[in-house]
Each structure stands twice: as structure tokens, then as C-alpha cells.
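> Give me a model of this one.
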Amino acid sequence: SSLGGFLWLMAAALITGTLCAVLIWRRLTLKSLQPIEELTEMAQAMAGGDWSRRAKLRGKEMWEVGTAFNQMAQNMEKTVSDLEKNRARLYAVLQGMDDGVLAVDDAGRILLLNDRAGTLLEREDLNKGDAIAGNAAMQQLRYILNLAARHGPRRESLRLVGDSDITERLLEVYAAPLVPSAGGGALAVLTDVTRVRKLETIRTDFVANVTHELKTPLTSIRGYVELLKNNGRTPDMREQFYEIIEIEAERLQNMIEDILLLSEIEGVQGQRERELLQQFDVGQVVRKTVELVMPVAQKAQVAVQINTAPSLLMTGNPLRLQQLLTNLIDNAIKYNKPGGSVEIAMQKDNGWLRLRVKDTGIGIAPQHPDRLFERFYRVDKIRSRELGGTGLGLSIVKHVIALYGGTFLLESREGAGTTFFVKLP
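Numbers count the residues shown, from 1 in each chain. All right, here's what the predicted structure looks like:
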């Protein structure tokens with residue numbers, strides 16, 4: 001009985017000791033594995049892009065490993081942050097450019113593009129991964145990019161045609177290979193040169209028109225000078241030649257003065273014009289302008305009426321208003337009928353100066369108003385030259401109105417007269 005009890009006691013002690021040893025071993029094992037598990041979780045988080053995790057430094061054995069992990073995580077976090085900042089800067093630069101930027105791979109699929117590229121190509125729906133395909137312009141762009149990828153940088157023109165000539169857009173495309181040695185894709189920079197080309201055309205046309213307009217009176221003057229060299233001319237005939245030369249010289253002078261005036265208005269600097277601003281009486285400027293053109297009106301048998309509100313004040317450059325009025329009133333007189341009239345009316349309306357110049361003249365045919373304000377454009381070329389017109393008067397009017405941010409409107413009926421409405425701030 002005593003021996004049996006002793007054996008049971010020894011068995012219980014052995015079991016208890018074994019359990020304690022297992023528990024102690026398990027605890028020590030878990031304690032030693034915990035840093036490894038934490039490093040494993042940290043590595044998984046870093047693989048997922050979370051570089052903010054840090055390992056807890058425990059125990060001498062894991063200290064160096066944990067320190068290395070933390071240093072690596074810190075360096076990678078800084079590197080990724082720098083890359084994101086550079087990417088954001090590059091994106092901001094691309095989006096802020098006035099030019100369109102577009103890159104494609106060797107299969108013609110978009111690798112990169114900014115919003116401006118979509119706008120210029122009139123394809124705001126383009127996204128990364130899309131193929132360069134669609135209308136004729138897109139096909140031409142793809143052809144340009146393919147050539148650049150295979151044969152090196154090139155510069156081409158790309159024309160986008162809308163519903164009418166007004167919406168036509170001309171792009172200059174500079175394309176270069178992304179990898180010159182392999183030809184794996186290309187980069188294109190798109191520049192809108194529509195306005196530049198239009199200005200070049202206007203300048204070319206202007207030079208051609210000026211040359212023609214100046215050549216006509218000069219040719220006439222030279223011809224009559226040659227005739228005067230002939231001693232067989234009578235005094236009356238010579239007097240007639242002198243009058244023609246004087247008329248042509250005056251016409252030449254008027255044209256040069258109008259060209260210089262138009263050039264001056266176009267080249268006005270904002271600060272310089274602001275320095276000339278002053279408050280003045282509009283009625284006084286109107287009366288002065290009418291006095292200057294009155295001899296022309298009397299000769300043409302045209303009555304001029306002034307209808308302006310009393311004490312009408314305006315802040316601006318009185319010379320510009322006079323230039324505008326002179327050309328409008330002069331046209332209204334010259335293209336009027338004997339016994340006709342011209343009415344000049346002005347009033348203030350909500351801070352705006354409203355001007356109306358109405359005549360009872362020959363009117364303007366429906367096909368002319370759209371081009372009426374172009375330089376050297378004349379509705380009736382023969383009558384304009386007979387009256388000494390330069391073809392620049394309404395162009396000067398348009399530029400003066402644009403200089404002050406105003407608007408204008410034209411109403412005319414052939415044979416019944418014309419009315420110009422001008423609105424100035």
C-alpha cells in the first residue's frame with residue numbers, strides 16, 4: 001500500500017514536471033518566434049507598398065536584423081516619397097503646358113498624354129492604353145509617330161478640319177523616338193500654330209494690298225509727270241494734269257497716314273494708353289469732329305445732325321474717340337445720297353457709352369458686312385477711289401473699339417441706309 005502510493009506520487013510528479021517543461025518550452029519558442037513573425041508581417045506590408053511599418057527591436061539576436069529592416073524601410077519610404085513628388089511635379093508641368101504631349105509604345109498605344117493633347121486633337125476621351133486611331137487626323141498622327149520611331153526626329157504639320165473653315169485648326173507636330181536604338185515607341189509634342197499661320201497670312205495679304213494701293217497713285221503720278229515733260233501741252237491741259245497729280249498725292253498721303261494710325265493703335269501699350277486717360281465731354285468731341293467733316297458734308301449735300309445727352313462725360317482718350325467718329329461719319333457722308341442725312345446719337349447706359357451713327361445712304365449688300373472691317377476691303381472700289389477712300393477707315397474703327405474692350409453692331413439695307421452701333425465702357 002505504501003509502495004503503491006509512492007509510485008502514484010512519483011507518476012504525478014513526473015507528469016507535472018513534463019507539463020511544466022512543455023509549457024516553458026512553448027513559451028520560450030513563441031517568444032523567440034515573435035520577432036520573426038513581426039518581421040514577416042512587416043515584409044508583407046512593405047511588399048504591399050506600406051513603408052511606414054517598423055520592427056520592434058527585441059533581444060540581442062534580433063537587434064541587428066530588426067535595425068537592418070527598419071533602415072531599409074526608411075530608405076525605401078524616402079525613395080518612394082521622392083518618386084511620388086517627382087511624378088507629381090512632372091504631371092503638373094505636363095498639365096500646365098500650352099503644348100500637347102503624347103507618347104506611344106511600338107504598338108501605337110498611349111503611354112502618356114496631358115489634357116492639352118486631347119484638347120488640341122479634339123479627342124478629350126483619349127486615355128492611357130488607348131490606340132491612336134479614329135479620323136484622318138489621328139491616322140496621320142500615328143503615321144508621323146511610326147516614322148519618328150523608325151527613322152528619328154521629324155517635324156510635320158497636322159490639319160484638323162471642323163464643320164467649317166472657321167473651326168479649322170493647324171498643329172505643328174514634333175515627334176522623336178523614345179528609344180532611338182530600338183525604335184520602341186515615340187513621343188510627340190503638339191503645338192497649335194493656327195493663330196500664327198493666320199497672322200502670317202494677314203501680314204502677307206496686308207503687304208500685298210499696301211503695295212498695290214501705293215502703286216496705283218504712284219503710277220498715276222508718274223504717268224502724268226511724263227506727260228508734262230512734253231512741251232506740246234497747252235496751259236489748260238497742264239493745269240488739269242497738275243490737279244490730277246495733286247489729288248493722287250493727297251490720296252497717297254491719306255493712305256500713309258491711315259496705315260501709320262492703324263499701326264499706332266495696334267502697337268499701343270496698355271500702360272501708355274492708361275496714362276492718356278482723362279475725363280472729357282463727349283459732346284464736345286462730337287461737335288469738333290463734325291466741324292472737321294462739315295466741308296465734305298456740304299459738298300455732298302448731306303445734312304449732319306447731333307443728338308447727344310447734355311453733360312455726357314466719359315473717361316478715356318478723346319483722340320481715340322475722335323478717330324472712331326471721324327471714320328464712321330466720313331463713311332456715312334461719302335456713301336450717302338444728295339439731300340440725305342447723317343444722325344449721330346450718344347447716351348450713357350449702365351456705365352456704358354452707346355453711340356449710333358445712322359445714314360440714309362446707299363446701304364450695304366448682304367454679302368459684304370462680314371468682310372467690311374478688313375483692311376483695304378471696299379464695297380464699291382470705284383466710288384471709294386473717286387471719293388479718296390483708303391479702305392482702312394472701318395479697320396481703324398474696329399481696332400479702336402477692341403482697344404477699349406467695346407463691341408459694335410452693323411445694320412444695313414441696300415438702298416435704305418446703314419446704322420453703326422458702338423458700345424464703349
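
> and residue 355, what does it touch?
324-325, 344-346, 420-424 (C-beta atoms under 8 Å, 6 or more residues apart in numbering). Glycine gets a C-beta too; all of them are placed from N, C-alpha and C.

> any idea which element it lies in?
Assigned by DSSP states H and E, residue 355 belongs to strand 352-359.

> Show me the contacts of residue 355 that map onto strands.
Of the positions in these, 344-346, 420-424 sit in strands, assigned by DSSP state E.

> which of those residues sit farthest apart?
344 and 423 (15.1 Å; C-beta to C-beta).

> between these two, which one's more packed in?
Using other C-beta atoms under 10 Å, the more surrounded residue of residue 344 and residue 423 is residue 344, with 21 against 16.

> can you count the residues close to residue 115?
Count around residue 115 with other C-beta under 10 Å applied: 14.

> whoops, I mixed them up, residue 395
21.

> quick one: it from residue 226, how far?
As judged by C-beta to C-beta, to the nearest Å, residue 395 and residue 226 stand 34 Å apart.

> which among the ones in strands among the contacts of residue 355 end up buried?
The neighbour-count test (16 or more other C-beta atoms under 10 Å) marks 344-346, 420, 422-424 as buried among the ones in strands among the contacts of residue 355.

> and these as CSV, adding distance to residue 363 and pLDDT?
Output for these, formatted as CSV (distance: C-beta to C-beta, whole Å; pLDDT from 0 to 100):
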residue, distance to residue 363, pLDDT
344, 18, 88
345, 19, 88
346, 23, 86
420, 13, 86
422, 19, 86
423, 22, 87
424, 25, 84
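
> Would you mind listing the residues in contact with the nearest residue to residue 332 once chain neighbours are set aside?
In space, and not counting its chain neighbours, residue 332 is closest to residue 359: 3.8 Å by C-beta to C-beta, 6 or more residues apart in numbering. For residue 359, the contact set (C-beta under 8 Å, 6+ apart) comprises 302, 332-333, 335-336, 340-343, 417-419.

> These in helices, which ones?
Residues of the contacts of residue 359 located in helices (DSSP state H): 332-333.

> For PyMOL, what selects the buried ones among the contacts of residue 359?
Of the contacts of residue 359, the buried ones can be selected in PyMOL as follows, counting by 16+ other C-beta under 10 Å:
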select buried, resi 302+332+333+335+336+340+341+342+343+417+418+419
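
> could I get the contacts of residue 359 as a markdown table with distance to residue 218 and pLDDT?
Output for those, formatted as a markdown table (distance: C-beta to C-beta, whole Å; pLDDT from 0 to 100):
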| residue | distance to residue 218 | pLDDT |
| --- | --- | --- |
| 302 | 31 | 87 |
| 332 | 30 | 85 |
| 333 | 27 | 86 |
| 335 | 26 | 84 |
| 336 | 30 | 85 |
| 340 | 34 | 88 |
| 341 | 37 | 88 |
| 342 | 33 | 88 |
| 343 | 38 | 89 |
| 417 | 35 | 85 |
| 418 | 32 | 86 |
| 419 | 37 | 87 |
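
> List just the nearest of the contacts of residue 359 to residue 67.
Taking those together and measuring to residue 67 by C-beta to C-beta, the closest member is residue 419, at 88.5 Å.

> Tell me who's in contact with the closest one.
Contacts of residue 419 (C-beta under 8 Å, 6+ apart): 356-359, 410-412.

> picking that back up, adjacent strands (with direction) for the strand holding residue 355?
strand 341-349 (antiparallel), strand 417-424 (antiparallel) (DSSP bridges).

> residues near residue 325, how many?
Neighbours of residue 325 using other C-beta under 10 Å come to 25.

> That one contacts residue 344, doesn't it?
Yes. At 7.3 Å, residue 325 counts as touching residue 344 under the criterion of C-beta atoms under 8 Å.

> Now do the shared contacts for the two.
Joint contacts of residue 325 and residue 344 (C-beta under 8 Å, 6+ apart) are 286, 355, 357.

> Which one of the residues you listed is nearest to residue 266?
Closest to residue 266, out of all of the shared contacts of residue 325 and residue 344 and judged by C-beta to C-beta, is residue 355, at 21.6 Å.

> how much space is there between the closest one and residue 265?
For residue 355, the distance to residue 265 - C-beta to C-beta - is 17 Å.

> cool, and residue 238?
41 Å.

> which one of these two has more residues nearby?
Remark: of residue 238 and residue 265, residue 265 carries more neighbours, 18 against 14, as counted by other C-beta under 10 Å.

> helix, strand or coil for that one?
Of the three states, residue 265 takes helix under DSSP: H, G, I helix; E, B strand; the rest coil.

> just to revisit the earlier point, for the residue nearest to residue 332, name its beta-bridge partners.
residue 342.

> Check the gap between it and residue 179 for me.
69 Å.

> do the same with residue 348
67 Å.

> Also residue 260?
Residue 260 is 56 Å from residue 179, by C-beta to C-beta.

> Nearest the middle, which residue of this structure would you pick?
residue 195 (8.2 Å; C-alpha atoms, centre = their mean).

> Going by secondary structure, it is in what exactly?
With DSSP H and E as the criterion, residue 195 is inside helix 194-228.

> same thing with residue 176?
strand 169-177.

> Flag the shaky bits of the stretch 301-425 of the chain, pLDDT-wise.
Along the stretch 301-425 of the chain, the model assigns pLDDT under 70 to residues 367, 369-371, 376-390.

> for residue 374, helix, strand, or coil?
coil.

> Please name the residues that touch it.
residue 395.

> Which stretches in the chain count as strands?
Going by DSSP E, the chain shows strands at 100-104, 110-113, 154-160, 169-177, 186-192, 278-281, 303-308, 313-316, 341-349, 352-359, 407-413, 417-424.
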